[in-house]
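Engineer: Give the three-dimensional model of this entry:
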Amino acid sequence: MSSDKTTILIVEDEPAIVELVSFSLKEAGWNAVAVHNVADAWDFLQRRTPHLILLDWMLPDQTGLRLLSRIRSDRQFNGLPIIMLTAKSMEEDKIAGLDHGADDYVTKPFSPRELTARIKALLRRKLPEHTQNLMTAGVVTLDPVSCSVTLEGHKIEIGHAEFKLLKFFLANPDRVFSRSQLLDKVWGDHVVIEERTVDVHVLRLRKALKEAENLIKTVRSVGYMLSEK
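Structural biologist: Here you go, the predicted model:
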């Protein structure tokens, strides 16, 4: 499974819906992983964090709402984008879902096209690092489509890890991240890397950015941030 691909966790117990949704997600270029109950979903989340969850309302062991509450009360996952799949068109249920922290809901039966459009919109809103637009800070411009970085219009050589790190910083300017947060957000929690390795990649990134190296700030005893200030 490619770690660069957006991974979407489907929590749904109806095989026909799982098949339809998985096919639609793969067509859209995403990784789809399906589990069929709340226990397996929680087990998956302990191993790795997906980019988005499609969560069915009615599941065999517990309600999707219970899982939603559990995810939202966990600091590690409270920003995770979640779309509820509901067979109910009852207004109170939708309100309950949104009250418990769902970002959006799609009522069954839904069209795959509608679902993928809603996922794209939510990822854009919640995960700016998945944007395809040019990202800039000072004289630095990163193009996510061609995977290139320019300095005052001139292309620079940059390693794959440093590119991912820079992209994440550009998507989250003026925010401090600890080494462990950067490991999780940039490399994914399923990759075994020492926290000190983050320092090495930050050093390499600064070197690649040449005269713009001071965009990447060290925040003493906390971590790193990108800031033009």
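Engineer: only C-alpha atoms for contact and neighbour calcs from this point on.
Structural biologist: OK.
Engineer: Specify the local secondary structure of residue 40.
Structural biologist: helix (DSSP: H, G, I helix; E, B strand; the rest coil).
Engineer: any idea how far residue 99 is from it?
Structural biologist: Here residue 40 is placed at a distance of 24 Å from residue 99 (C-alpha to C-alpha, to the nearest Å).
Engineer: Low-confidence ranges, this structure, go.
Structural biologist: In the predicted model, the chain carries pLDDT under 70 at residues 1-4, 88-91, 128-132, 188-193.
Engineer: what about residue 35, how many residues close to it?
Structural biologist: By other C-alpha atoms under 10 Å, the residues close to residue 35 number 18.
Engineer: Residue 8 bridge partners, please.
Structural biologist: residue 32, residue 52 (DSSP bridges).
Engineer: who's in contact with it?
Structural biologist: Taking C-alpha atoms under 8 Å, 6 or more residues apart in numbering as the contact definition, residue 8 lies against 30-33, 50-54.
Engineer: swap the cut-off to 7 Å and go again
Structural biologist: Counting by C-alpha atoms under 7 Å, 6 or more residues apart in numbering, residue 8 touches 31-33, 50-53.
Engineer: quick one: which of these is nearest to residue 151?
Structural biologist: For these, the residue nearest residue 151 by C-alpha to C-alpha is residue 51; the value is 30.1 Å.
Engineer: Neighbour-wise, which one of the contacts of residue 8 leads?
Structural biologist: The most crowded member of the contacts of residue 8, judged by other C-alpha under 10 Å, is residue 53 (24 neighbours).
Engineer: Report the contact partners of it.
Structural biologist: Per C-alpha under 7 Å, 6+ apart, neighbours of residue 53: 8-10, 81-83.
Engineer: of all these, which two lie farthest apart?
Structural biologist: Largest pairwise distance in the contacts of residue 53, by C-alpha to C-alpha, is 12.3 Å, between 10 and 81.
Engineer: of these two, who's got more company?
Structural biologist: Taking other C-alpha under 10 Å, residue 10 and residue 81 do not tie; residue 10 has more neighbours (25 against 22).
Engineer: What is the neighbour count of residue 72?
Structural biologist: 17.
Engineer: which residues does it contact?
Structural biologist: 78, 101.
Engineer: Repeat the analysis, applying 10 Å as the threshold.
Structural biologist: 78-80, 82, 100-102 (C-alpha atoms under 10 Å, 6 or more residues apart in numbering).
Engineer: quick one, domains of the protein?
Structural biologist: Annotated domains of the chain cover 7-126, 135-226 [automatic domain parsing].
Engineer: Strands of the chain, residue ranges please.
Structural biologist: For the chain, strands defined by DSSP state E occupy the ranges 7-11, 31-35, 52-56, 82-86, 104-107, 135-137, 140-143, 148-151, 154-156, 216-219, 223-226.
Engineer: elements contacting the last one?
Structural biologist: Spelled out, it's strand 223-226. Contact here means 3 or more C-alpha pairs under 10 Å, 6 or more residues apart in numbering; DSSP states H and E; on that basis strand 223-226 packs against helix 160-171, helix 179-182, helix 195-208, strand 216-219.
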